[in-house]
Every structure is written in structure tokens, then in C-alpha cells.
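Q: Build the 3D model from these lines:
(chains A and B)
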Amino acid sequence: MQSQTIDPAKTALNHHHTAAVADAHHQEHPDHRIFGLIMFLIAEGMIFMGLFGAYLAFRSTLPAWPPEGTPELELLLPGVNTANLIASSFVIHNADTAIKKNNVRGMQLWFAITAVMGVIFLAGQVYEYTHLEFGLTTNLFASAFYVLTGFHGLHVTIGVLAILAVLWRSRVKGHYSSEHHFGIEAAEIYWHFVDVIWIILFGLLYLL
Amino acid sequence: MTQAQLQEKANIPAQIEEPGIRNWRDYFSFNTDHKVIGIQYLVTTFIFYCIGGVMADLVRTELRTPESDFVSPELYNSLFTLHATIMIFLWIVPAGAGFANFLLPLMIGAKDMAFPRLNAVAFWIIPPAGLMLISSLLVGDAPDAGWTSYPPLSLVTGQVGEGIWIMSVLLLGTSSILGAINFLVTLIKMRTPGMGYHQMPLFCWAMLATSALVLVSTPVLAAGLILLAFDLIAGTTFFNPTGGGDPIVYQHMFWFYSHPAVYIMILPFFGVISEVIPVHSRKPIFGYKAIAYSSLAISFLGLIVWAHHMFTSGVPGWLRMFFMITTMIIAVPTGIKIFSWLATMWGGKLRLNTAMLFAMSFVGIFVIGGISGVMLAAVPFDIHVHDTYFVVAHLHYVLFGGSVLGIFAAIYHWFPKMTGRKLNEFWGQVHCALTVIGLNMTFLPMHKLGMMGMNRRIAQYDPKFTFLNEICTYGAYILAVSTLPFIINAIWSWMYGPKAGNNPWQALTLEWMTTSPPAIENFDKPPVLATGPYDYGLERTHEGVPLSDADPVLSAATNSVLRAEPDEPYPSIVAEKER
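A: Model (predicted):
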């Protein structure tokens, strides 16, 4: 724990800016970035809700769903992929636990594992795309399938890039500490978001 | 002067020796100061308003005669499409964001927005998106399916322009969402210590409701437009019935945003009117909490009324009934606001300056639009006038008679704060009179035209509608002329107008407690609230407590009289006797 001494440069009583001005300036502004990120994810979630709503509307208005002649979806690979993505959410949480103990090495390890799991997920998606018997414009179900999974895959890609960015930044000693690790928290929250969206999406497209 | 003493004690003006004067180049750069961004928003959107206004006058010129003789019908379709898109996405929505940018941090005593760089990004998305949209006219294949862009029509005509339109609206929607995130975080997290939600000025409440609505509804439009873009470009058939798709789904997604969009366009100006009226009536606002909560009620109800735009699209009967009832319920919170404003003005000492005249015109004219809105909510009536000029009349009474008059009221009210100079009163009142005459002349006859059965979105019409259309067209010309005094007045006053001082209206909200124009970072220290935002005329009720009293609660709070010891005579009475 840090000591609780009062730094005269940082108190409201001191009108004159001193050498500590940059630090004091930083302290004056509470960090609202996590709250802002959550607001952003509400908006992101509403895009997905719009797409899910449209999918359900198509499903309910068309006489047969999926339309006749649509090849059956293979369930094994997506199932494994889903388990992989859910597991990665637990893996990435270990990184958060590690950094709160000021363990940068541990954080790097867990983030690297998560990134690998994310890449495996994306590779599985690409494999599935190349082996499916329908294309983007085959029928309404096929279009919805590709647009929904593709839009989600885009988010997984962004999540992986965010994780890699954190790993790249963490090479500088002291960039992340138990006190300052917004990037790690943000990447983790985003990753959980992507995971939750996938669970809904998997249920809608493959199981329902 | 009770007022002056209160301010001096309670709020420390920003340090002026800091570089407080803005260079004109700052306004053309990627600046992160919320005040610069606010003015960037307002000037940019006003330029787009003028462009959209020229398009409206071209449309009206075409409609002066029943024949199609001024522009080709294709160009006519593109003009009204772009007119609507520009006025909604590039004028009213971003103008509200512009005022919010300038005012919110000042009103809540913050130094800037929560995310200043994000704020600048949100603004700088707008000019390229707007120019892209207008450039679609030059491509020669401009969007011409109306601003609603319903498929399958939008998939078969003006396809290049339609692609540009989708990109442009997606960008503007992104800008709007980023702005809303910033407003929400700023309002929730950065209020000055001592300012609870119930000490916020009502404009802040209005922006809280608006931003929540933007955050929840705009992404759904984005989803709809992404699917539409796939239909247009990649050949999918989500909304194309020839390939098994369902255009009604697009209508649901579109109106899930675009109905809340009308509240996104009007709520900020409800907030503006709630500021302007008490200041210029010199009275506390009537029903502070009622106005604040009715904003939230409107934004919640606004999310569950969208299908009233689709009564003729074959939605099932029970759904029609549901949406009819919810739509009519919206009249209740709106009525609460209207009556609260009337009660605020009632018995007040009205200052009939331009800002107040615009605000009063707003109240009167918006009510007409509101009433025709309730009429349109009734399914049998709506089916009769659907897609006629009655709808055009209604939406212009709400958006022009409401939002645009609100924008002008706000400009006249806060111009002294933004620029440090006053606008010319006489030319301001000329502007107000011409606007009110022009708008009623343009849009009032449209009610009648709609009832007679004239369709909207057509270049040619039955000659029996000619006379009323001529009146509409001349009214539109008056509206065009009415803008000129304003433009000249604004530019001249910005450069040479008389100095306004820090608080020309003797207002009590925090933005008036700093310099005009406010210095960078607004306040030296977090300002202390001495009074509620609308405690006009209440200062005298406790004159007896010495203003030198260190505790602002005792010296200034409205109910400090209750703190007097019951046995002792009230100090002011003692002072009165000793005199």
C-alpha cells in the first residue's frame, strides 16, 4: 500500500503550480474511460440487437426456416469453437487477477494465451466459411449467417488486435501496474462482450 | 445588488491572464476545447441548413405550378431526398450536439467534456460526411428514394447515390453516438461537487434523455443500413422481396431509430426553452421535476411508438392498437412541459427580447404540430392522410416550428456568452417576425392540401391544388429572406457588436458565472452552487441573512429563512426597525 502523506503540490490549497504540475493535473481528472467504454458497448450491443431482431423477424415471417434446400450446418467445429471462446473469457480474467498483484509477466502470459485462442476461433471461422455449401447470396438464411458471423468475426479481430496492442505496450517496464491498467481492463471487458454476443449468436444460428 | 454579491462569493471566474483569447485558426483545427467544438458544430450545421434551405426553395419553386416545369422529376426526387437528409442529419441533430458541447461543461461546472479528443473526432466526422452526401448530386445518380430510403425502391433507383447516402448516414450516426457517449459520461460523472441531479439545469436533463435515446436507437439504424448496403452492393436479398426478403423488416429497423430521432431533434430544444423562459420571465421555472422527468418519459416512450409510421404497411391490428395508444400517451409528458412553460410565464416580468420571442413562438407553434401529431396517431385518420401533405405539414410544424425556432432562441440567448458580444435587437426581432410569418404561410396551407388528398413526394399535381401551393411557395421565399437579417446580424455583431458582459441576462445557471467568452478550462476551481438554477426573485425572501455569511446555504439558499431561531425576531425585521 502507498503511504497516505499529503503532497502539498496536489492539494487544493496550493494555487501555484509547481514542478508536480503534470502529475497534479493528471490527478485532477478522475478516469472515466471504463464508464465510457461501457456506454460504447451498449451502443455496440444495440447494433447486434438490431441484427438479431431482423434475423428473428425474417425467421418468423418466412414460411420455412431455413428456406428449403439449405444444407444442414455442421455442429461439431462451431461447438468446439464456442467452447474455446468461452474458455478464453476465463483465461483473460486471470490476466486481470495477475496485474492487480502487479504481476506483469503473468498478465502477459494470460493475454498471449487469449490471443492464441482468439486466432484459433478466427481460423475455425475461416475453415467453416470455406467448407460451407452455401454462399453469401444463396438465400436469406445464408446471407444472414454470413453477415452475422462476419460482423461478429470483425469484432473478434478487433479484440485480438486490442490484446496484441496491450502486449506490445507492456514491453515497456512500468507501463502497466496494479494501479494503472486501463488498457488491460478495457481489452478484457471488450473480450467478454464479444464472447457474450457469440453465445447469443450461436444459439440463434445453430441451435434455434 | 443581491445578485452580484452572490456571484462574487460563490463562483471564482476563470483566470483571464491564461491565454483566453481564441485565434480564428483554432476554429479550423482539430481543437479539443469543448467551446471551440461547440461553435464548430453550430457554424458547420448552419451552413448545411442554408444548403438544405436552398434545396427546399428549389422544391417549392417546382411545386408553384402543377406541371413539372422547373427541374426534371428525377432531380426533384433527389432534391427532396437530400433536403430532408441534410436538415435532419446535418442541421438539427448536430445543432443540438453543438449547443450541448458548448453548454454542458459550463452548466455543470466542469472544465471540459469527459473525452475531449473523442469529442473532436465526433465533430470532424461531420464535414466530410456532409460534403460526401451533397457531392452525390454531382455524380449524377443522386439518392432519390426519399430520406426514408425504403427498399425495394431504394435498391433500384439512384444506386450510386444510395450507396453514398448509406455511407454518409452511417458516418453521421457514428458521430452522433460518440457525442452521446461523451455527454452521458460528462453529465453523470463530472458535475461540480454539490450539484446533484436535481440541481442540474433543465437543458442538462434534456441532454441526458436525448443522449440515452441516441445511444440505444441509433445503432439499430446502423444495423438496418448495413443490411441495406449488403442488398445494394453484394446482391443479398434481406429487404428485396424478389429474393425472398422482407422490406417491412427494414421499415421496423429504420423507424426504430427514426422515430426516436424526432425526440433526439426536439428534446434538446425543450431543454433550451426551459432555460430561456425562466430567465426572461424573471420567475422560477414551474415544475422543475415535472419537466426533468417528462424528458426521461418522452425518451422512454419514444422507443416504443415507431410502428405508427407503418399503419399502412400491413402491420397486424393489435400492433396498430398498441402503437396508437403509446403514441397518444406521449402527448402527456409533452403537455406537462407546455403547461409548465405557460405557468412559468404567467405573472412573470417578461423581457420580450428576441430570444424570448423565439421561445414564445416555439411554445405556440409547436403545440399546433403536437396536436396534428395526436391526430396522426389515430389509426383511421392516419390511413386517410398517410403520405399526404398533412404529414408534411405536421413534421414541419414540429421540426421547423419546434426545433428550428428552438435553435434560434438558443443562439440569441447564448450568443453573448459564446462571443462576448450582443446581437442587434431590432434585426433579431425582424428575423423572428419574418420566420414566424414565413413558416405559417409555408406550412399551414399544407394541412388543407393533405386533407384534400395531395400526395407528398410528387413533382406534378392536380391543378385544383394550385392556389394553396402558390401560398406555400411564397411563404418558403419569405423563410429564405428571413435568414438574411440573421446572417448579417450574427457576422456583424460577432465582429463589432456591443460588449455583452459576463451575465447580460442576470441568469443564475453556472455558464453565466464565468467570463464571456469563457476562458480556456472555464472555471479556476470547481464552482460552488449558491442558488438553484432558477431561483429568480427568491433572493429577496431572505435578505436578512447577511450575505457576508461564510456559509452559502445560510446566506443564499431559498429556505434559509427556516433556519432562523423561532424565538428571535427575524434579523431583517430588526434591521427594518432600527433604520
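Q: and the helix or strand hosting residue B:42, what does it pack onto?
A: Using DSSP states H and E, residue B:42 sits in helix B:34-62. Applying 3 or more CB pairs under 8 Å, 6 or more residues apart in numbering or on different chains; DSSP states H and E, one finds that helix B:34-62 makes contact with helix B:73-85, helix B:93-107, helix B:116-139, helix B:405-419, helix B:466-496. Every residue, glycine included, has its C-beta placed from N, CA and C.
Q: Could you pull up the mean pLDDT of the fourth one?
A: When pLDDT is averaged along helix B:405-419, the result is 96.
Q: Mind pulling up the pLDDT for the residue of the stretch 401-550 of chain B found nearest chain A?
A: With CB to the nearest CB as the measure, residue B:525 is the residue of the stretch 401-550 of chain B nearest to chain A, at 7.2 Å. pLDDT recorded at residue B:525 is 80.
Q: pretty sure it is in a helix, no?
A: No. Residue B:525 is assigned coil when assessed by DSSP: H, G, I helix; E, B strand; the rest coil, not a helix.
Q: Quick check: phi and psi at residue B:421.
A: When read as degrees, to the nearest 10, the backbone of residue B:421 gives phi -130, psi 160.
Q: list the contacts for the residue nearest to it when sequence neighbours are not counted?
A: Nearest non-adjacent residue to residue B:421, counting by CB to CB, 6 or more residues apart in numbering or on different chains: residue B:497, 3.6 Å away. Residues in contact with residue B:497 (CB atoms under 8 Å, 6 or more residues apart in numbering or on different chains) are B:419, B:421, B:422, B:423, B:424.
Q: Ok, residue B:117 next?
A: residue B:32.
Q: Which single one of the contacts of residue B:497 is nearest to residue B:408?
A: residue B:423 (10.6 Å; CB to CB).
Q: Let me have the contacts of residue B:497 in TSV, extended by neighbour count and distance to residue B:114.
A: Converted to TSV, the contacts of residue B:497 look like this (neighbours: other CB atoms under 10 Å in any protein chain shown; distance: CB to CB, whole Å):
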residue	neighbour count	distance to residue B:114
B:419	19	26
B:421	19	30
B:422	19	32
B:423	26	31
B:424	18	37
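Q: Include distance to residue A:137 when you put the residues you listed into TSV, please.
A: As requested, the contacts of residue B:497 are exported to TSV (distance: CB to CB, whole Å):
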residue	distance to residue A:137
B:419	56
B:421	60
B:422	62
B:423	58
B:424	61
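Q: Can you tell me the element residue 172 falls in?
A: Just going to use chain A. Counting by DSSP H and E, residue A:172 is part of no helix or strand.
Q: The chain in question should be chain B.
A: Going by DSSP H and E, residue B:172 is in helix B:159-189.
Q: picking up where we left off before, kindly indicate which of the contacts of residue B:497 lies nearest residue B:380.
A: Out of the contacts of residue B:497, the member with the shortest distance to residue B:380 (by CB to CB) is residue B:423, at 47.1 Å.
Q: which residues touch the closest residue to chain B within chain A?
A: Nearest residue of chain A to chain B (CB to the nearest CB) works out as residue A:50 at 3.1 Å. Counting by CB under 8 Å, 6+ apart, residue A:50 makes contact with B:219, B:220, B:221, B:222, B:223, B:224, B:253, B:256.
Q: Is it located within a helix, as I assumed?
A: Yes. Counting by three-state DSSP, one finds residue A:50 located in a helix.
Q: Can you get me a residue count around residue A:101?
A: 10 (other CB atoms under 10 Å in any protein chain shown).
Q: Tell me the pLDDT of the residue nearest to it when sequence neighbours are not counted.
A: Nearest residue to residue A:101, sequence neighbours excluded (CB to CB, 6+ apart): residue A:178, at 6.7 Å. Reported pLDDT at residue A:178 in the predicted model: 87.
Q: Assumed residue A:178 was part of a strand.
A: No. Looking at residue A:178 with three-state DSSP, it is coil, so not inside a strand.
Q: Relative to residue A:114, how far out is it?
A: From residue A:178 across to residue A:114, the span is 20 Å (CB to CB, to the nearest Å).
Q: quick one: which of the two has more around it?
A: Under the neighbour definition other CB under 10 Å, residue A:178 and residue A:114 were set side by side, and residue A:114 has more, 26 against 12.
Q: ok, so what distance separates the more buried one from residue B:349?
A: In terms of CB to CB, residue A:114 sits 66 Å off from residue B:349.
Q: picking up where we left off before, of the helices and strands packed on helix B:34-62, which approaches residue B:204 most closely?
A: helix B:93-107 (5.6 Å).
Q: is it true that the residue nearest to residue A:101 touches residue A:99?
A: Yes. Here residue A:178 reaches residue A:99: they are 6.4 Å apart, a contact under CB atoms under 8 Å.
Q: Report the buried residues of the one helix or strand residue B:372 maps to.
A: Counting by DSSP H and E, the element that carries residue B:372 is helix B:354-377. Residues of helix B:354-377 classed as buried: B:354-363, B:365-370, B:372-374, B:376-377 (neighbour count, 16 or more other CB atoms under 10 Å in any protein chain shown).
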